Structures are given as structure tokens and as C-alpha cells.
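**Student:** One predicted model, sequence on top.
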Amino acid sequence: MFDHLSLQCDDLDASRRFYEQTLGPLGIAVTLDFGDVLGLAGRDGVPKFWLGRQTTGGVQREIHVAFTAPDRATVGTVHRAAVELGAEVLHEPKEWPEYHPGYYAVFLRDPDGNNVEVVSHS
């Protein structure tokens, strides 16, 4: 659906720790590090999710971003990784039948206040 997505972060180091630890179970990791900008890639190695230092000023508005997990067990692994970091859990892993049968997701808050979802559709 999208080619890439970039978020500006107030604390790039904290955001890097959050995303590397919580998305590691999905095979997502930092593959490019330009100092003030980080490129994260999945198993294909192509950076599609970018983090950068806040540069435009002003108040950041909450963004919602969802990452696909291959199964419910991986959603649970992501949840545990986020809890280890002390991240805020918005919604514990559960099925959301109002979206569709089999929609199983956890919702987390990243260091910049964004709503990060990890979902399995099986």
C-alpha cells in the first residue's frame, strides 16, 4: 500500500530502542544509519520505515501505524518486548472481531506518543 513511511522523533535514540526491540520479532531492524535518520527494513532488506530527529518544530500529532505479524504468537512476542521496555500498552493482544474475524492485534505507544499496532490476520 505504501512505498515508505517516515516519523520525526523527539528522542531518536529512545525511538530506535523501542522499534528495534518491539519490531525485532517481525524481522524488522535498522539497516541504514545516517546519524539523524534511520532506515528500518524487513526481511527483504529494503528500508521502508524511517525515523528521523524532529526538525520542523511544533507539536506532533499522534500517528497510527500498523505492522503485519505472521501469527498470533509473534503478536505476543512483540507485546512482551514492549512491556520489557516499559512501553505503554494501549490494548493488550486480543481478537478484534469488529474489524474482521481473525484480526488479532496489540496496540502500543511509542516514545513520541504514536499509536503502534502489530496485527495478525489469521
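**Tutor:** Structure's in. What do you need?
**Student:** for the protein, what spans make up the strands?
**Tutor:** Counting by DSSP state E, the chain has strands at residues 5-9, 29-33, 37-41, 47-53, 64-68, 88-95, 104-109, 115-120.
**Student:** Dump those to CSV, plus mean pLDDT, mean neighbour count and distance to residue 19.
**Tutor:** No exception for glycine: its C-beta is placed from N, CA and C like everyone else's. Compiled in CSV, those are given as follows (pLDDT from 0 to 100; neighbours: other Cβ atoms under 10 Å; distance: least, Cβ to Cβ, whole Å):
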stretch, mean pLDDT, mean neighbour count, distance to residue 19
strand 5-9, 93, 17, 9
strand 29-33, 97, 13, 8
strand 37-41, 97, 19, 6
strand 47-53, 95, 18, 7
strand 64-68, 95, 13, 10
strand 88-95, 98, 14, 15
strand 104-109, 97, 21, 10
strand 115-120, 96, 20, 8
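**Student:** May I see the ones you listed organised as a markdown table, with distance to residue 20 added?
**Tutor:** Output for the strands of the chain, formatted as a markdown table (distance: least, Cβ to Cβ, whole Å):
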| stretch | distance to residue 20 |
| --- | --- |
| strand 5-9 | 13 |
| strand 29-33 | 6 |
| strand 37-41 | 8 |
| strand 47-53 | 10 |
| strand 64-68 | 13 |
| strand 88-95 | 18 |
| strand 104-109 | 14 |
| strand 115-120 | 13 |
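**Student:** Can I get stretch 39-52 as CSV, trimmed to CA atoms?
**Tutor:** In CSV, the C-alpha atoms belonging to stretch 39-52 read as follows (Å, rounded to 0.1, in the frame of the first residue of the first chain):
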residue,chain,number,x,y,z
GLY,A,39,16.1,3.3,7.8
LEU,A,40,14.4,0.2,9.1
ALA,A,41,13.8,-2.8,6.8
GLY,A,42,12.1,-6.1,6.9
ARG,A,43,13.4,-9.4,5.7
ASP,A,44,13.7,-8.0,2.1
GLY,A,45,16.4,-5.6,3.4
VAL,A,46,14.7,-2.5,1.8
PRO,A,47,14.2,0.3,4.2
LYS,A,48,10.5,1.3,4.2
PHE,A,49,10.1,2.7,7.7
TRP,A,50,12.2,5.7,8.6
LEU,A,51,12.9,7.5,11.8
GLY,A,52,14.5,11.0,12.0
